[in-house]
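[1] when you get a sec, could you give me coordinates for this:
(one chain, ligands or ions: 1)
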Amino acid sequence: MVKAIEWKDGKVIMLDQSRLPLEVKYIECTDYHIIAEGIKKLWIRGAPAIGIAAAMGIALGAQDIKAKNYREFIKGIETIFDVMLSTRPTAVNIKWAVERIKRLLKERRGESVNRLKELLIEEAKKIHEEDIEVNKAIGRWGSQFIKDGDTVLTHCNAGSLATGGYGTATAPIFVAIEQGKKIQVIADETRPVLQGARLTAWELMQAGVPVTLITDNSAGALMKKGEIDLAIVGTDRTVRNGDVANKIGTYSVAVLCKEHKIPFYVAAPLSSIDFSIPTGDKIPIEERGAEEVTHIFGRCQIAPDGVKVRNMAFDVTPAKYVTAIITEKGAFRPKDIRKLAKKDVNLDEFRL
Ligand code: MRU
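    Below is the predicted model of the structure:
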């Protein structure tokens with residue numbers, strides 16, 4: 001399994017995904033600003049992976065805070081929180097990681113500054129390790145939807161590169177293969193920055209999973225021919241009513257699936273579910289620079305100079321298009337996802 005990020009010997013080691021698949025280059029980060037820049041520039045991307053990167057960035061930055069007491073330490077760390085939160089707005093995982101760290105600091109306010117610094121490193125590593133286990137659980141719950149002989153469509157990259165190490169949308173695929181099912185994957189190339197072509201196709205090939213790359217506009221034609229059995233995608237933020245934000249183009253895939261009566265699944269760790277937002281129209285959608293659309297990799301120009309560009313990085317798929325949301329606690333109908341926020345609910349009654 002490819003590792004997108006790792007805490008090693010007091011440093012954060014990040015695979016620079018912007019160079020894939022042509023070059024496998026790891027960046028050693030000793031300054032949290034580099035991690036923040038890496039999140040903005042997509043050296044690391046994918047909702048769970050940027051949550052982990054933010055937690056590691058906070059732990060890294062905290063080591064340099066010169067504080068005599070808890071109050072001074074909190075003042076210093078708030079600056080780091082703000083830097084991380086300002087990187088990318090759509091994936092809720094950065095906010096999730098910051099809130100988790102804030103809760104930890106509150107619970108441990110009696111500790112020395114040195115101990116708090118250690119605790120932040122432990123917490124960042126824990127967030128990473130837990131994410132891998134969460135992915136595996138998503139795989140176990142999700143594999144029931146994949147039959148022997150199926151072809152699975154996926155959009156963008158919700159694989160090991162986008163997570164702690166096993167992927168969300170790819171996890172049910174890996175488990176189905178472990179169960180002996182013969183399946184194959186179709187990867188949408190995912191314009192503008194081609195996470196499907198550069199990352200999903202690459203990592204599935206590394207893992208020995210049969211994968212076919214298509215242009216984004218081919219999915220409908222293949223569905224019409226009966227060549228796609230189901231779709232599984234990841235999410236950057238799924239909200240209380242089951243609306244799902246994910247890479248731009250996901251909405252089109254979901255609508256096409258509905259038209260062709262193909263099930264459309266979303267793999268969503270709880271760290272990507274924002275129970276504070278009622279509906280998808282309240283999700284902040286990141287708009288990125290024009291160059292991602294007018295150029296391929298900032299090098300080859302493919303549009304006229306000065307053309308007006310709209311580059312929304314994500315879209316929102318309404319819950320009515322989603323067959324089920326697969327979490328580490330089970331798979332649920334989108335309308336039942338809100339039940340996961342409550343402590344006293346028997347989830348067995350709603351699990352698929
Ligand atoms: O812009 P990106 O590459 O960060 O977008 C990533 C996605 O849209 C993924 O599908 C999503 O973050 C889920 S990753 C498990």
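[2] mind pulling up the pLDDT for whichever residue of the stretch 101-250 of the chain sits closest to the ligand?
    Of all residues in the stretch 101-250 of the chain, Gly234 sits closest to the ligand, with a separation of 2.8 Å (Cβ to the nearest ligand atom). C-betas here are computed from N, CA, C, even on glycine. At Gly234 the predicted local confidence, pLDDT, stands at 98.
[3] apart from its neighbours in sequence, what residue is nearest it?
    Counting by Cβ to Cβ, 6 or more residues apart in numbering, Ala158 is the residue found nearest to Gly234 once chain neighbours are left out, at 2.6 Å.
[4] that neighbour: what secondary structure?
    Ala158 falls in the coil class when you classify it by DSSP: H, G, I helix; E, B strand; the rest coil.
[5] so it touches Tyr166, yeah?
    No: look at Ala158 against Tyr166 with Cβ atoms under 8 Å: they stay out of range, at 10.7 Å.
[6] what's the biggest helix in the chain, counting residues?
    Counting residues, the longest helix found in the chain (DSSP state H) is helix 113-142.
[7] mind listing what's buried in it?
    By neighbour count, and taking 16 or more other Cβ atoms under 10 Å as the criterion, the buried residues in helix 113-142 are 113, 116-117, 119-121, 123-125, 127-128, 130-132, 134-142.
[8] so how far is that helix off the chain centroid?
    How far helix 113-142 lies from its chain's middle: 15 Å, per Cα atoms, centre = their mean, to the nearest Å.
[9] is the ligand within reach of that helix?
    No: residues of helix 113-142 are not located near the ligand by Cβ under 6 Å from any ligand atom, the shortest gap being 8.4 Å.
[10] stretch 18-32 now?
    No: no part of stretch 18-32 sits close enough to the ligand to count as contact by Cβ under 6 Å from any ligand atom; the gap is at least 10.3 Å.
[11] what parts of the protein come near the ligand?
    Residues of the chain found near the ligand, taking Cβ under 6 Å from any ligand atom as the criterion, are 45-48, 91, 156, 158, 162-163, 168, 195, 233-236, 246-247, 313.
[12] so which of these are in strands?
    233, 246-247 (DSSP state E).
[13] where do the helices sit along the stretch 101-250 of the chain?
    Counting by DSSP state H, counting those that start in this stretch, the segments of the stretch 101-250 of the chain that form helices are 113-142, 171-178, 195, 201-206, 219-224, 250-259.
[14] domains in this protein, as residue ranges please.
    5-136, 137-349 (automatic domain parsing).
[15] check contacts around the most centrally placed residue in the chain.
    Here the mean C-alpha position of the chain is nearest to the C-alpha of Ala47 (Cα atoms, centre = their mean), at a distance of 2.7 Å. When contacts are counted by Cβ atoms under 8 Å, 6 or more residues apart in numbering, Ala47 is found next to 91-93, 162, 234-237, 271-272.
[16] what sits against the nearest residue to Asn135 once chain neighbours are set aside?
    Closest residue to Asn135 in three dimensions, ignoring its sequence neighbours and counting by Cβ to Cβ, 6+ apart: Tyr166, at 3.6 Å. Under the criterion of Cβ under 8 Å, 6+ apart, the contact partners of Tyr166 comprise 1, 132, 135-136, 139, 160, 174.
[17] again, but for Gly196
    Gly196 makes contacts with 154-157, 187-190, 213, as judged by Cβ under 8 Å, 6+ apart.
[18] most surrounded residue in the residues you listed?
    Within those, most neighbours by other Cβ atoms under 10 Å means Asn157, with 32 neighbours.
[19] which phi and psi values does that one adopt?
    Backbone geometry at Asn157, expressed as degrees, to the nearest 10, gives phi -130, psi 110.
[20] so who does it touch?
    Residues 45-46, 190, 195-196, 199-200, 203, 234 are the ones in contact with Asn157 under the rule Cβ under 8 Å, 6+ apart.
[21] rerun that using 7 Å as the cut-off
    For Asn157, the contact set (Cβ atoms under 7 Å, 6 or more residues apart in numbering) comprises 46, 195-196, 199-200.
[22] and Arg191, by the same measure?
    The neighbourhood of Arg191, defined by Cβ under 7 Å, 6+ apart, consists of Asp216.
[23] got a pLDDT number for the residue in the chain sticking out farthest from the centre?
    For the chain, the residue at maximal distance from the C-alpha centroid (Cα atoms, centre = their mean) is Lys68, at 37.1 Å. The per-residue pLDDT reported for Lys68 equals 97.
[24] the one 5 residues further on too?
    Phe73 carries a pLDDT score of 98 in this model.
[25] repeat for Arg299
    The predicted local confidence for Arg299 is 85.
[26] what do you get for the one 5 residues further on?
    What the model reports for Pro304 is a pLDDT of 98.
[27] gap between it and Asn311?
    16 Å (Cβ to Cβ, to the nearest Å).
[28] which one of the two is surrounded by more residues?
    Neighbour tally, Pro304 and Asn311, criterion other Cβ under 10 Å: the higher count belongs to Asn311, 16 against 7.
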